[in-house]
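Enquirer: Predicted model, plus sequence, below.
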Amino acid sequence: MKIELSNVGYSYKSGHQALDDINLCFEGDQSVAIIGQNGAGKTTLAKQLNGILRPTQGTLTIDGTEISKRTTAQWSKRVGYVFQNPDDQLFLETVREEFAFGPRNIGVDEATIDYRIDKVASLTGLQDKLDVHPADLSPTEKKFCGIGAVIMMDPDAIVFDEPTCGQDYAGDARLHDLIAELKHEGKMCIAISHDMKFVVANFDRVVVMCQGNVLIDGKPEEVFSQVDVLQKSYVTPPPITRVAQGVGIEKTVFTVPQFVEAIEDVRSGSENRS
């Protein structure tokens, strides 16, 4: 799959321009995090990717087809969107019905639906909750019910809007494993997030937005080394990264082991010079 945005802009009916001349390309099984302060244009951008919103200027194509050529319902088979608030997405009587609804409505046979339900329930940790009403799930379980309903459609790309919001530690760990499995299956994963630890642990590419524009687009190591530029978008690197930068370590690190290794490298370098 290839999603291309060329000179994309978007203005709301109020006149507010949320996106301005965006040029991006998402391709293959890339995992991409979109970050920036509230109001930067992240959600507006993400909702362009399957036609929930349509560009008011420029063009957006999916595998060469302009987004305007198909309905959002048609695009949802290719690009799934997981809303930040699962209550905006869940409306049926049981988790099982939520999982089956999408594929059943596009004509997927029942045997395949049953196979997918077993797989997705295991992936989301909802094996024992399939006959429970979504309203009776915990906030974390609701989140995974919404995610599972989208995965059930077997799209080529999945967009997550703030997936760690409201998650507990176990939920974050499951989300990490789930994204890893999707990437293993060749799915494109795109997430909007304010959680920088989640971003660096799960995504190979980071797009930083500010006031409807793209400030930086690159690998996490490249992005989080540009502290001065990040400040313009009110984004701060993960805590361990800030500690390393504060003590003068040039290498961008994201974990404690990386931090320890960088300290040892600095110490070795000093000893060799002496």
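Expert: Yep, it's here.
Enquirer: partners of the residue most central in space within the chain in the sheet?
Expert: Centroid-nearest residue in the chain, with CA atoms, centre = their mean: residue 191, separated by 1.2 Å. Taking DSSP bridges as the rule, residue 191 bridges to residue 33, residue 160.
Enquirer: got a list of what it touches?
Expert: Neighbour list for residue 191: 32, 33, 34, 159, 160, 161, 163, 198, 199, 202, 203 [criterion: CB atoms under 8 Å, 6 or more residues apart in numbering]. Yep, even glycine has a C-beta here, placed from its N, CA and C like the rest.
Enquirer: what do you get if the cut-off is 7 Å, keeping everything else the same?
Expert: Going by CB atoms under 7 Å, 6 or more residues apart in numbering, residue 191 touches 33, 160, 163, 203.
Enquirer: Now render these as CSV, adding pLDDT, neighbour count and distance to residue 11.
Expert: CSV is the format used below for the contacts of residue 191 (pLDDT from 0 to 100; neighbours: other CB atoms under 10 Å; distance: CB to CB, whole Å):
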residue, pLDDT, neighbour count, distance to residue 11
33, 98, 25, 25
160, 97, 28, 25
163, 94, 27, 28
203, 97, 23, 29
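Enquirer: out of those, who's nearest residue 133?
Expert: Residue 133 lies nearest to residue 163 out of the contacts of residue 191, by CB to CB, at 22.4 Å.
Enquirer: Return the distance of stretch 251-268 from the chain's centre.
Expert: Distance, stretch centre to chain centre, for stretch 251-268: 28 Å (CA atoms, centre = their mean, to the nearest Å).
Enquirer: ranges for the helices of the chain?
Expert: Under the criterion DSSP state H, the chain contains helices at 42-46, 72-75, 95-105, 110-124, 139-151, 169-184, 196-202, 220-223, 227-232, 239-246, 256-273.
Enquirer: Residue 132: which of these is closest?
Expert: Closest approach to residue 132 among those is made by helix 95-105 (5.8 Å; CB to CB).
Enquirer: who touches the closest one?
Expert: Residues from elsewhere that reach helix 95-105, judged by CB under 7 Å, 6+ apart: 90, 92, 113, 116-117, 120, 126, 129-132, 134, 145, 148-149, 152-153.
Enquirer: chain center to it: distance?
Expert: With CA atoms, centre = their mean as the basis, helix 95-105 stands 22 Å off its chain's centre.
Enquirer: now do stretch 67-87
Expert: Taking CA atoms, centre = their mean, one finds the center of stretch 67-87 at 14 Å from the center of the full chain.
Enquirer: Could the C-alpha coordinates of that stretch be exported in CSV?
Expert: Coordinates of each C-alpha in stretch 67-87 appear next as CSV, following Å, rounded to 0.1, in the frame of the first residue of the first chain:
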residue,chain,number,x,y,z
ILE,A,67,-9.4,9.6,-2.1
SER,A,68,-12.5,11.4,-3.6
LYS,A,69,-13.1,8.4,-6.0
ARG,A,70,-14.5,6.2,-3.2
THR,A,71,-16.6,6.5,-0.1
THR,A,72,-15.2,6.4,3.4
ALA,A,73,-16.9,3.0,3.9
GLN,A,74,-15.1,1.7,0.8
TRP,A,75,-11.8,3.0,2.0
SER,A,76,-12.2,1.5,5.5
LYS,A,77,-11.6,-1.9,4.0
ARG,A,78,-8.1,-0.7,3.1
VAL,A,79,-7.4,1.8,5.9
GLY,A,80,-8.9,1.2,9.3
TYR,A,81,-9.3,4.0,11.8
VAL,A,82,-9.4,3.4,15.6
PHE,A,83,-11.0,6.3,17.4
GLN,A,84,-9.5,7.8,20.5
ASN,A,85,-12.7,7.2,22.5
PRO,A,86,-14.1,3.7,22.0
ASP,A,87,-17.6,4.9,23.0
